[in-house]
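Peer 1: Build me a model from this:
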Amino acid sequence: MSTLLETSLPIVSGNYCRHDPHNPRLSPCQGIKKGPGAPPRILSLAAERAKEWFYNPAKCPPLNPKERKTRSERREAIQVVLEALLSRLDLASLFVDTPTPDNGFIDLDMRSIVERTGLGQRRCERAIAQLKAAGFLAVKQPRYKSAEGKYCGLRAIRVFTKIFFEWLGLAQMLSV
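Peer 2: Numbering: from 1, shown residues only. Next comes the predicted model:
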């Protein structure tokens, strides 16, 4: 009886997430568009500058805690998730969301993030948690009380902080 892991792509480096440290995949399946009709240049520039953190983790101490070096597969996941979130960033509010036809917004759910990145859900969750711990991303989980008196959770609201753009040297470009 074969399992899903046995029938999927070959495991290159002993891990089960198909990460190859010598050939990392630093862009999501659906990255930031470039050219005419694309989002503002600051988003693709932020993604490009953040990729430097993969090769030199010391450039970004908040993502690389002193007590332990961040493994390359985690750094890869952070870069992929980061670009996927930047591709849906609303620069005016710094909210990660999807526009609706009636000029509203819907928060990006975890299933969409997983589809955009091509990573597993737990890898995406860990990458978001590390971005949050670094102070680059704020995550709020709104809740409401139902008629029966039970609390129900809604989609998480993800907001990039200005600290993220400061670390990339893009704070001035963001404020324009």
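Peer 1: Mind listing residues that contact stretch 37-46?
Peer 2: Contact partners of stretch 37-46, identified using Cβ atoms under 8 Å, 6 or more residues apart in numbering, comprise 32-34, 86-87, 89, 91, 164-165, 168, 170, 173-174. Glycine gets a C-beta too; all of them are placed from N, C-alpha and C.
Peer 1: change it to 10 Å
Peer 2: 31-34, 82-83, 85-91, 160, 164-165, 167-170, 173-174, 176 (Cβ atoms under 10 Å, 6 or more residues apart in numbering).
Peer 1: what separates residue 157 from residue 57, distance-wise?
Peer 2: Note on residue 157: its distance to residue 57, by Cβ to Cβ, to the nearest Å, is 28 Å.
Peer 1: so where do the helices sit in the protein?
Peer 2: With DSSP state H as the criterion, the chain has helices at 4-7, 41-55, 72-86, 110-117, 121-133, 162-167, 171-175.
Peer 1: Need the winner for burial among these.
Peer 2: helix 72-86 (a mean of 23; mean count of other Cβ atoms under 10 Å).
Peer 1: Rounded mean pLDDT for it, please.
Peer 2: Averaging pLDDT along helix 72-86 gives 89.
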